[in-house]
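Asks: Structural data only, the sequence is not supplied:
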């Protein structure tokens with residue numbers, strides 16, 4: 001079969017410049033806000049006519065840091081040690097580096113770059129290329145009785161997040177809840193459980209250092225992010 005050429009239609013922007021720390025699924029961090037800015041060929045407002053009538057949207061996008069394809073992967077929900085088939089996962093190790101996310105539409109804003117979609121609950125990193133935007137249809141897309149396989153509801157337990165007041169003040173008020181939600185989901189790879197290790201999460205122009213012990217995430221430092229993103233430590 002001949003390859004399919006996809007045309008980018010928009011770019012997503014948010015406070016997470018790297019994949020580390022991003023929610024692993026869309027919708028689990030509802031306070032994480034982002035913007036969808038359309039590229040010049042698609043800034044005609046007719047492309048978005050009627051979109052305000054929908055509360056949620058599907059986004060089809062490209063993994064920014066897509067690794068090579070692998071037939072099996074190690075899902076974080078299984079502790080990062082047990083392997084399953086890549087088609088039985090949402091891992092980026094896929095034949096085509098495509099992601100699918102459901103986000104809440106918070107509003108449409110008129111800007112110098114045309115109409116911008118304000119959304120929440122995304123799991124995309126800043127600068128992600130979007131190939132398509134589709135409305136979420138509750139009567140067709142919602143399946144309350146669907147089986148979740150190894151990603152059972154109990155796996156969604158949130159950790160307690162402790163941010164000292166003097167560090168909390170460094171984060172803008174409108175971004176603090178999103179950071180807390182991201183940390184509460186334990187961004188570490190599933191196989192890393194060292195309580196003495198400090199991890200660094202780039203967020204909204206800051207480097208957020210934290211440790212995890214038991215069921216508690218403790219923020220230990222917050223400083224301006226003054227070094228290249230690709231120089232940050234890798235936790236994969």
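Replies: Thanks, I have the structure now. Quantities reported herein were computed from a predicted structural model and do not represent experimental measurements.

Asks: isn't residue 100 right next to residue 60, touching?
Replies: Yes. Counting by Cβ atoms under 8 Å, residue 100 does reach residue 60; the two are 6.0 Å apart. Any C-beta I mention is one placed from the backbone N, CA and C, and that applies to glycine too.

Asks: which one of these two has more residues nearby?
Replies: residue 60 (15 against 12; other Cβ atoms under 10 Å).

Asks: what residue ranges in the chain score low on pLDDT?
Replies: Judged by pLDDT under 70, the chain has its weakly predicted residues at 65-67, 152-157, 227-236.

Asks: hey, what's residue 10 bridged with?
Replies: residue 38, residue 130 (DSSP bridges).

Asks: Tell me which stretches of this structure form strands.
Replies: Assigned by DSSP state E, the chain shows strands spanning 10-13, 33-38, 56-62, 72-73, 84-85, 98-111, 114-120, 128-135, 160-162, 199-203, 206-213, 216-224.

Asks: Tell me which of those strands sits nearest to residue 91.
Replies: Across the strands of the chain, residue 91 has its closest neighbour in strand 72-73 (4.0 Å, Cβ to Cβ).

Asks: which helices and strands sit right next to that closest one?
Replies: strand 84-85 (3 or more Cβ pairs under 8 Å, 6 or more residues apart in numbering; DSSP states H and E).

Asks: Sheet partners, orientation included, of the strand it packs on?
Replies: strand 72-73 (antiparallel).

Asks: Residues in contact with the strand it pairs with: which ones?
Replies: 83-86, 89, 91, 93 (Cβ atoms under 8 Å, 6 or more residues apart in numbering).

Asks: Which among the residues you listed count as buried?
Replies: 84, 86, 89, 91, 93 (16 or more other Cβ atoms under 10 Å).

Asks: Would you agree the third one is in contact with residue 78?
Replies: The one in question is residue 89. No. Residue 89 is beyond contact range of residue 78, at 9.4 Å (criterion: Cβ under 8 Å).

Asks: Please enumerate the shared neighbours of these two.
Replies: With Cβ under 8 Å, 6+ apart, residue 89 and residue 78 have no common neighbours.
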